[in-house]
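1. Okay, predicted coordinates and the sequence, questions at the end:
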Amino acid sequence: MPPRKWKLHLTEAERAEKVRLAMLTDDPEAALASMFVGMATKLQIDAMDEGTKLLESGRLDEARDFFFAYVKEYVGEGNRMPSIGGEDGGGFTDECYTDITPYDRATLMACCNGMGKYYVAKNDLESALCWFEEVQILHFHMKFGLDKPTYDWTTWNIDLPELTYQRTVAFIGAAEVYKKLGNTASHAERRWESSRAVTNLWQTHRTPAVNRLNDMAKVFAACQVRHPDPNTCHKLSVSYPRLQVQGSWKKLSLKPGGKTAGARQRFASFIWNSHLYVFGGWAGDMNYEFYKDFWCLDLKGEEGREWRKLPDYPVPVDAALSRAMVVHREEKRAYLITGSPRVDYFDLVTERWGHIMTSFQATEEDKRCGVTGNWPFRGNDLQDAVVVINKGKIYTFGGLHWETYIGCNLFTELDLSTKKWRRLSGHVMSPPEADYAIPGPKASACGWVGPCKDRIYVFLGCAVRDGPLNKKGRKPELHQAEMAYPYRDFWSYSISEDKWRRERISGNPPLSRTERGCTFNEKLNKVIVFGGYSPCIPTLFEETIRQHEYSYYADTFVYDHPQPGESIMPQYTSTNPEKCIPPSSTTYPRWKQVLTKGFPTYRCHAHLNSDPDTGKVYLFGGYTNTDYVPSRNNFKSRPFGDVWQLRMDVPGEGGDFRSVNVNEEERTAKIGPWKRCYTCGGSGMWKRCSGACGGKAYFCGTECQREGWKEHKKQHSCRKV
Ligand SMILES: [Zn+2]
Ligand SMILES: [Zn+2]
């Protein structure tokens with residue numbers, strides 16, 4: 001029997017949060033029990049040696065059968081391993097992981113790692129990632145046994161070094177796979193998280209084996225590249241089609257000298273009738289200009305695209321920041337959600353603003369969850385929330401309001417036919433204890449309605465725990481801390497079941513970041529995300545010997561909802577749980593990285609939108625930190641006003657990949673703030689060719705210019721002028 005008391009380890013900050021600790025120190029009975037557990041675990045893990053030896057001697061299939069038999073022994077019949085995400089999948093939580101004893105947990109983790117290593121040896125990276133992820137899920141489930149539910153940012157461990165070792169093996173196993181896939185961001189994230197996970201643990205957990213895995217030279221190397229890395233991204237090609245797809249970013253040309261919406265961030269945007277609409281926002285510290293203006297851009301015209309100014313927002317406010325607009329296609333209206341009972345809309349046909357008055361009737365349960373004055377959004381305010389529309393109803397999740405700078409997990413619905421709001425779940429202000437059944441408080445998450453129109457997905461985002469500390473005069477909040485917390489979670493809400501489910505993150509995903517661009521593309525049946533920001537994964541710049549505590553991204557990923565009838569592979573629902581089926585032979589939804597030779601500059605708060613008519617994907621705006629991205633001015637941040645189209649090598653309308661010349665891009669595509677030398681492929685602030693080509697190629701110096709001239713002359717019909 002497992003002993004009742006565990007020695008939990010928490011960081012200083014977590015201690016301050018007064019999570020109850022069950023300490024062993026002055027309880028001899030429990031101390032004895034702990035020793036027993038340590039020995040028992042060691043015996044069990046030693047038994048795993050047989051599998052490890054099989055792996056090492058190359059008897060791979062025998063090793064797989066050995067580990068899988070053990071796994072089945074632990075999880076029991078009828079439990080598919082590894083569990084898989086998706087519409088019919090079991091989600092993240094598994095009851096059989098909650099009550100398991102710590103030594104069984106460690107042994108099960110060892111088996112999952114054995115399976116992961118088997119699939120790495122078989123070069124089935126997708127299945128390997130699934131098994132390594134299972135170890136993290138097993139680790140997370142220890143939380144569910146705590147007396148008081150704790151938020152995701154509260155990390156803790158049981159004082160059983162074997163658990164730490166197995167978790168480290170899984171971290172590094174996944175990191176190596178991401179590295180192989182060219183997913184530099186997730187490679188750095190896993191390595192960094194792994195090294196962080198042990199820093200506050202007892203010395204006994206930082207064994208030589210764990211320290212070897214957390215090789216700091218490798219951690220630093222992973223943090224020294226940008227994502228994508230200009231020095232390697234042009235060399236990446238699709239070698240694992242289930243985890244990667246070829247793509248290309250193309251900057252759209254606008255009519256020279258035409259009107260422009262201008263660079264901005266924290267705006268609202270959408271596409272309707274092949275026009276991109278942009279509303280409000282601000283320019284950042286460049287000129288402190290705040291906007292409530294409204295613009296649209298005809299995306300169809302190949303030449304001479306020009307921004308057109310629409311009527312200003314009629315409400316007397318100085319700015320419209322971090323709001324959201326959603327389109328009701330049948331009504332041909334774009335609704336603006338600000339947190340106010342007055343919901344303004346823009347009539348897309350008459351191009352006039354109008355509004356509806358909405359109401360909320362608080363139940364006792366709503367009041368218990370923090371609703372005051374019969375209105376859920378305090379200060380009539382809602383910013384950086386997920387806002388989606390589905391079947392005549394608008395849903396909001398999380399975001400900031402007048403009384404929280406951290407974010408909340410309030411989930412609401414506005415029925416446009418009755419004009420009434422409802423609180424579906426969550427709190428206006430986060431209570432001391434977490435609720436494992438629903439997502440935690442967050443802002444700037446990705447959200448979309450799934451293809452079946454019954455599930456709303458919420459992915460990542462950030463608890464802005466440093467928000468209340470960042471400006472003077474802000475009220476202190478219960479969960480504030482020095483560091484913001486970027487989530488590593490994925491949830492879906494079933495409208496028909498009125499229930500949240502935590503989902504697995506599967507495939508080749510972007511991890512732990514916030515403020516990214518995100519769109520669900522109905523034509524392609526995919527979610528596309530771009531860029532974003534991580535407040536706690538560092539970037540180390542070797543050339544300037546500078547260290548940043550954060551990262552800005554410019555990488556692109558898609559989440560592939562399966563196309564109905566598209567696949568001939570067996571549905572994962574029909575797989576026999578007793579059989580060892582590699583996840584890579586099933587049709588569950590998963591993330592893929594979009595490999596692009598060039599990319600828009602690293603940034604957060606860019607918006608992605610899909611044209612519902614053509615299926616094409618566009619990016620606009622956002623901002624970057626000028627310490628992070630080289631710039632000639634002295635401002636802290638730089639906003640963007642550029643428009644890009646993402647083209648992807650995928651079946652169906654919208655991918656628009658036919659016009660892409662991948663070979664040409666490898667040598668000439670814009671790589672964020674830099675240019676690629678046409679001749680040697682090096683990246684930097686190079687000079688463009690001043691010949692008749694109009695600057696189609698860049699050269700790092702006269703030597704490369706001379707060397708590459710002949711080829712460039714032919715390829716781009718260039719000549720000296
Ligand atoms: Zn060169
Ligand atoms: Zn030229």
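-> Done, it's in. Ligands and ions are numbered 1, 2, ... in the order given.

2. Quick one: residues contacting the residue in the stretch 351-500 of the chain that ligand 2 sits nearest to.
-> Closest residue of the stretch 351-500 of the chain to ligand 2, CB to the ion: Cys446 (40.8 Å). In this view, the C-beta of every residue, glycine as well, is placed from N, C-alpha and C. Shown in contact with Cys446 (CB atoms under 8 Å, 6 or more residues apart in numbering): 386, 457-461, 516, 518, 527, 529.

3. Turn these into JSON lines, columns for secondary structure.
-> Converted to JSON lines, those look like this (DSSP: H, G, I helix; E, B strand; the rest coil):
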{"residue": "Val386", "secondary structure": "strand"}
{"residue": "Tyr457", "secondary structure": "strand"}
{"residue": "Val458", "secondary structure": "strand"}
{"residue": "Phe459", "secondary structure": "strand"}
{"residue": "Leu460", "secondary structure": "coil"}
{"residue": "Gly461", "secondary structure": "coil"}
{"residue": "Arg516", "secondary structure": "coil"}
{"residue": "Cys518", "secondary structure": "strand"}
{"residue": "Val527", "secondary structure": "strand"}
{"residue": "Val529", "secondary structure": "strand"}
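
4. Can you lay out these as CSV showing pLDDT, neighbour count and distance to Met81?
-> Shown next, in CSV, are the contacts of Cys446 (pLDDT from 0 to 100; neighbours: other CB atoms under 10 Å; distance: CB to CB, whole Å):
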residue, pLDDT, neighbour count, distance to Met81
Val386, 98, 25, 32
Tyr457, 96, 23, 24
Val458, 98, 26, 26
Phe459, 97, 26, 24
Leu460, 96, 26, 26
Gly461, 97, 30, 29
Arg516, 95, 29, 32
Cys518, 97, 25, 31
Val527, 97, 24, 27
Val529, 98, 24, 29
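
5. I'd like those laid out as CSV, including distance to Ser683.
-> Shown next, in CSV, are the contacts of Cys446 (distance: CB to CB, whole Å):
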residue, distance to Ser683
Val386, 35
Tyr457, 35
Val458, 36
Phe459, 31
Leu460, 28
Gly461, 31
Arg516, 23
Cys518, 27
Val527, 29
Val529, 24
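
6. Show me the strands in the stretch 51-200 of the chain, by range?
-> 157-158 (DSSP state E, counting those that start in this stretch).

7. Tell me where it has helices.
-> Ranges of helices within the stretch 51-200 of the chain are 60-75, 102-121, 125-140, 161-181, 184-199, based on DSSP state H, counting those that start in this stretch.

8. Indicate which one of these is closest to ligand 1.
-> Comparing the helices of the stretch 51-200 of the chain by their distance to ligand 1 (CB to the ion), the top pick is helix 184-199, with 22.8 Å.

9. For the next helix or strand along the chain from that closest one, list the C-alpha coordinates in CSV.
-> As assigned by DSSP states H and E, the chain's next helix or strand after helix 184-199 is helix 208-213. The C-alpha coordinates for helix 208-213 follow below in CSV (Å, rounded to 0.1, in the frame of the first residue of the first chain):
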residue,chain,number,x,y,z
PRO,A,208,24.4,12.4,-12.6
ALA,A,209,22.0,10.7,-15.1
VAL,A,210,19.5,13.6,-14.8
ASN,A,211,22.3,16.2,-15.1
ARG,A,212,23.7,14.4,-18.2
LEU,A,213,20.3,14.6,-19.8
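
10. quick one: buried residues of helix 208-213?
-> Within helix 208-213, the residues scored as buried using 16 or more other CB atoms under 10 Å are 210, 213.

11. so how far is that helix off the chain centroid?
-> 29 Å (CA atoms, centre = their mean, to the nearest Å).

12. which residues touch it?
-> For helix 208-213, contacts defined as CB under 8 Å, 6+ apart pick out 161, 164-165, 168-169, 171-172, 194, 198.

13. doesn't Gln480 fall inside a strand?
-> No. Under the criterion used here (three-state DSSP), Gln480 is coil, not part of a strand.

14. count of neighbours near the closest residue in space to it that isn't next to it in sequence?
-> Computed as CB to CB, 6 or more residues apart in numbering, the closest residue to Gln480 that is not its neighbour in sequence is Pro468, at 4.5 Å. Counted with other CB atoms under 10 Å, residues neighbouring Pro468 total 18.

15. and what of Thr372?
-> Applying other CB under 10 Å, we find 13 residues neighbouring Thr372.

16. Pull up the gap between the nearest residue to it once chain neighbours are set aside and ligand 1, please.
-> Distance criterion CB to CB, 6+ apart; nearest residue to Thr372, sequence neighbours excluded, is Arg378 at 7.1 Å. Distance of Arg378 to ligand 1, given as CB to the ion, to the nearest Å: 57 Å.

17. unless I'm mixing things up, Arg378 is touching Val428, no?
-> Yes. Contact criterion CB atoms under 8 Å: Arg378 and Val428 qualify, at 6.3 Å.

18. joint contacts of these two?
-> Common neighbours of Arg378 and Val428, using CB under 8 Å, 6+ apart, are 372, 401, 403.

19. Make a markdown table out of these and add secondary structure and distance to ligand 2.
-> Shown next, in a markdown table, are the shared contacts of Arg378 and Val428 (DSSP: H, G, I helix; E, B strand; the rest coil; distance: CB to the ion, whole Å):
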| residue | secondary structure | distance to ligand 2 |
| --- | --- | --- |
| Thr372 | strand | 65 |
| His401 | strand | 54 |
| Glu403 | coil | 58 |
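
20. with these in mind, which one is nearest to Arg667?
-> His401 (49.1 Å; CB to CB).

21. can you count the residues close to Val594?
-> Neighbour count for Val594, taken as other CB under 10 Å: 26.

22. Run through who's touching the helix or strand harbouring it.
-> For Val594, the host element (DSSP H and E) is strand 590-596. Applying CB under 8 Å, 6+ apart, the external contacts of strand 590-596 come out as 85, 126, 181-183, 228, 233, 236-238, 242-249, 505-510, 528, 555-560, 646, 648, 669.

23. pLDDT value on the closest residue to Glu549 other than its chain neighbours, please?
-> Counting by CB to CB, 6+ apart, Glu549 lies nearest to Pro538, which is 5.4 Å off, once chain neighbours are set aside. If you check Pro538, the pLDDT there is 90.

24. Pro538 and Val225 touch, don't they?
-> No. At 12.0 Å, Pro538 does not count as touching Val225 under the criterion of CB under 8 Å.

25. higher neighbour count, these two?
-> Ranked by neighbour count (other CB under 10 Å), Pro538 and Val225 place Val225 first, with 19 against 16.
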